[in-house]
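Participant: Predicted structure and sequence below. I'll ask about it afterward.
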Amino acid sequence: MTSQTPQSPSETQTPETQRPETQRPESHRPHIFVMGNEKGGSGKSTTSLHLSVSLLKRGYSVGCIDLDARQGTLSRTIENRIAYAKDSGLALEIPEHRRVYRSEAETKSQAEAEDRANLGQAVDELWALDCLVIDTPGSDNYLSRLGHTYADTLITPLNDSFLDLDLLARIDREGQKILSPSVYSQMVWEQRQRRAMAGGKPIDWIVMRNRLSHIDARNKREIGRLLDMLAKRIQFRLAPGFGERVIFRELFPKGLTLLDLREKGNGVALNMSHVSARQEVRALLKAIGLPDTGEAEASSKQAASGTQAASDSGEPAEPPLERVAAAE
Ligand SMILES: Nc1ncnc2c1ncn2[C@@H]1O[C@H](COP(=O)(O)OP(=O)(O)OP(=O)(O)O)[C@@H](O)[C@H]1O
Ligand SMILES: [Mg+2]
């Protein structure tokens, strides 16, 4: 899939947000993470699942919303996770999940009204939870932009290639100068303005590099330099991402994450590469930061249930590397 340019000027407008707040008491507000990137295959669904499971393992209650319902990667993965838990007898954490299809109404205004109502209903149903994770498709459409209007934290996974940088901005051929922000960056900027005007908390936009190659160090450095430049100009934070690892593709169809590898009976032997990959997931979570409301709640839940002392990841610490190596 490639990035899509909106068809008409009206399509570039960020939709008005949400349903009346009366349905959602402000005394409780979930922290809403949105995975957004108009390029396909950058790791949005993979990151959605890893983030959701990480939050669940830390004691937060988590809801997921799949706005790429037709492709349904996240939805299928969660179904597979449920089936895998049942078959294996593993007590896997499962997020509350909703799948929101794009309206097929005939007129644009009807379709948009239906999209607003459907997404609004899914958010209402999950509002009592600590965190929501919204996965969006790899192309621009009204429902996806609507999803972005809910973001407290917007996470944009980016494949580590020059081609993917144009999601954020147009850069000159020599790779020295930023020529203009991309349509996607403008959409995020517009959304930030709206929130600021409505007195809301600013959106925390995090760009994470995904599928980092272990070999092409020069390329990696050069992309890093451009991203630093873009971060200042377009105002996002850069978070460490995941390396290119086969394990992601192996786990995904089972609905498993790297964080489940510790469970006995998951059929995957933990090796050194997996340990490094888990550390990458932890580093990402640390960079994202935990939502305030939930953190207190999560730690009190842990205290109440007498959960064992956890590392800063909220999970028991990794076994020493020698033991892992010996187990290979
Ligand atoms: N770090 C990684 N290393 C190896 N494979 C990865 C990595 N991250 C994601 N993948 C694989 O890349 C493919 C695309 O990932 P994913 O479905 O998460 O992307 P996406 O952004 O949600 O795609 P789309 O835009 O089509 O929804 C999947 O097969 C996934 O397992
Ligand atoms: Mg996806």
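Facilitator: Thanks, I have the structure now. Residues are numbered from 1 along each chain as shown. Ligands and ions are numbered 1, 2, ... in the order given.
Participant: In the stretch 101-250 of the chain, what residue lies closest to ligand 2?
Facilitator: Evaluated by CB to the ion, the stretch 101-250 of the chain has Asp135 as its residue closest to ligand 2, separated by 5.9 Å. Just so you know, the C-beta spots here come from the backbone N, C-alpha and C atoms, and that holds for glycine as well.
Participant: For that residue, give me the backbone phi and psi.
Facilitator: Dihedral angles of Asp135 (phi, psi; degrees, to the nearest 10) stand at phi -100, psi 130.
Participant: surely it meets Gly36?
Facilitator: No - between Asp135 and Gly36 no contact is recorded; they are 9.1 Å apart, counting by CB atoms under 8 Å.
Participant: so what sits against both of those two?
Facilitator: Taking CB atoms under 8 Å, 6 or more residues apart in numbering as the contact definition, Asp135 and Gly36 share the neighbouring residues Lys44.
Participant: before we move on, back to that, count the neighbours of the residue of the stretch 101-250 of the chain closest to ligand 2 for me.
Facilitator: Using other CB atoms under 10 Å, Asp135 has 30 neighbouring residues.
Participant: What is the burial count for the closest residue to ligand 1 within the stretch 51-200 of the chain?
Facilitator: Ranking the residues of the stretch 51-200 of the chain by distance to ligand 1 (CB to the nearest ligand atom) places Gly138 first, at 2.4 Å. Applying the criterion other CB under 10 Å, we find 21 residues in the vicinity of Gly138.
Participant: before we move on, what about the one 5 residues further on?
Facilitator: For Leu143, the count of nearby residues is 23 (other CB under 10 Å).
Participant: if I look at it, how far off is Thr73?
Facilitator: Here the criterion is CB to CB, to the nearest Å. By it, Leu143 lies 16 Å from Thr73.
Participant: Equivalent analysis for Arg282, please.
Facilitator: With the distance defined as CB to CB, Arg282 ends up 23 Å from Thr73.
Participant: helix/strand/coil for Ala111?
Facilitator: For Ala111, the secondary-structure state derived from DSSP: H, G, I helix; E, B strand; the rest coil is helix.
Participant: list the contacts for it?
Facilitator: The neighbourhood of Ala111, defined by CB under 8 Å, 6+ apart, consists of 102-105, 142.
Participant: Now a PyMOL select for only the buried ones of these.
Facilitator: PyMOL command restricting these to the buried ones, with burial defined by 16 or more other CB atoms under 10 Å:
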select buried, resi 102+103+142
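Participant: Just the closest of the contacts of Ala111 to Phe248, please.
Facilitator: Among the contacts of Ala111, Arg102 lies closest to Phe248 (CB to CB), at 27.0 Å.
Participant: these two touch, right, that closest one and Asp66?
Facilitator: No - under the contact definition of CB under 8 Å, Arg102 does not touch Asp66, with a separation of 11.5 Å.
Participant: For the contacts of Ala111, name the two members farthest from one another.
Facilitator: The largest separation in these, counting by CB to CB, is between Glu104 and Tyr142 at 12.5 Å.
Participant: the strands in the stretch 1-150 of the chain, which residues?
Facilitator: Listed from the start of the chain, the stretch 1-150 of the chain has strands (DSSP state E, counting those that start in this stretch) covering 31-35, 62-66, 96-99, 131-135.
Participant: Please, where are all the helices along the stretch 101-250 of the chain?
Facilitator: Along the stretch 101-250 of the chain, the segments classed as helices by DSSP state H, counting those that start in this stretch run 108-126, 142-148, 162-165, 183-197, 217-230, 246-251.
Participant: and the residue in the chain that ligand 2 sits nearest to, how far is that from Ile134?
Facilitator: Across the chain, the shortest distance to ligand 2 (CB to the ion) belongs to Ser45, at 3.3 Å. Summarising the geometry, the distance separating Ser45 from Ile134, computed by CB to CB, is 11 Å.
Participant: In terms of neighbours, single out the busier of these two.
Facilitator: With other CB under 10 Å as the criterion, Ser45 and Ile134 differ in neighbour count, and Ile134 comes out ahead with 30 against 26.
Participant: where does the more buried one land on pLDDT?
Facilitator: Predicted confidence (pLDDT) for Ile134: 98.
Participant: Go ahead and confirm it touches Ile65.
Facilitator: Yes - using CB under 8 Å, Ile134 and Ile65 qualify as a contacting pair, with a distance of 4.7 Å.
Participant: Mutual contacts of these two, please.
Facilitator: Gly147.
Participant: Distance-wise, check Leu55 relative to Leu132.
Facilitator: Spatial separation of Leu55 from Leu132 under the definition CB to CB is 10 Å.
Participant: what's the overlap in contacts for those two?
Facilitator: Between them, Leu55 and Leu132 share the contacting residues Val62, judged by CB under 8 Å, 6+ apart.
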